[in-house]
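> Need a 3D model of the following:
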Amino acid sequence: IAGDVKDPKFCESAVKKAVKAFGRLDILVNNAAFQLHCEKLEDLHEDHLQETLQTNIGGYFHMARAALPHMKNGASIINSGSETGIFGSKHLLDYSATKGAIHAFTKSLASNLLERGIRVNAVAPGPVWTPLNPADKPAKDVAKFGQDSDMGRPAQPEEISPAYVFLASPVTASYISGIVLPVMGGPRG
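Below is the predicted model of the structure:
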């Protein structure tokens, strides 16, 4: 379902379409993100900042709020965090701040929903080869993407997805809520 998670009405519509198609909603994965590299804080324009905040934090709030009336005991919300939310990033100032906020939101919402039996966790990937990463970089920098990670390369999406499947499972992760699971290819990401 294509749309803009900054718009609460879109989020409500997307959830309703999913519930209509599948009859229920057991898992919500918040994975929308916006990022632009910036050399200096002074170069971070207000419209860029607002786009990042509204997409990366606002979108997660809107989707969770829209989904919760349809989620029952045993359901799971999984938020996409980032290693930048743990370690920061000197060229992704606003993005790093939003990912840190997502980690805090995950823990807070997990506490809030504990009595309802809805688990909330986050996955914090290191560099992952997705269309988001090379979108705002020159071609020469794209070739180096992920080389400074512990494994010396970016992850492929299929190396990260098992973390989401694990956290979504009511069997293997039924006693896990409020964690940020780092999947960074090493201790330093």
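> Now the residue of the chain positioned farthest from its centre: which helix or strand?
Residue farthest from the centre of the chain, counting by C-alpha atoms, centre = their mean, is Lys140 at 27.0 Å. Lys140 is part of helix 139-142, with elements assigned from DSSP states H and E.
> I'd like the distance between the nearest residue to Ala124 once chain neighbours are set aside and Leu114.
Residue nearest to Ala124 in three dimensions, not counting chain neighbours: Gly81, with 4.0 Å by C-beta to C-beta, 6 or more residues apart in numbering. For glycine as for every other residue, the C-beta is placed from the backbone atoms N, C-alpha and C. With distances taken as C-beta to C-beta, to the nearest Å, Gly81 is found 20 Å from Leu114.
> go on, Gly152?
Taking C-beta to C-beta as the measure, Gly152 and Leu114 are separated by 40 Å.
> So which of the two has more stuff around it?
Shown here are Gly152 and Leu114; by other C-beta atoms under 10 Å, Leu114 has more neighbours (13 against 10).
> distance of that one from Val120?
If you measure Leu114 against Val120 using C-beta to C-beta, the figure is 9 Å.
> Now for those two: what residues contact both?
Taking C-beta atoms under 8 Å, 6 or more residues apart in numbering as the contact definition, Leu114 and Val120 share the neighbouring residues Ser177.
> Give me the pLDDT for the closest residue to Leu167 other than its chain neighbours.
For Leu167, ignoring the flanking residues on the chain, the nearest one in space by C-beta to C-beta, 6+ apart is Asn121 at 4.6 Å. Predicted confidence (pLDDT) for Asn121: 99.
> before we move on, what SS does Asn121 have?
State at Asn121, reduced to three classes by DSSP: H, G, I helix; E, B strand; the rest coil: strand.
> Mind jotting down where the strands sit in the protein?
Counting by DSSP state E, the chain has these strands, from start to end: 27-30, 76-80, 119-125, 180-183.
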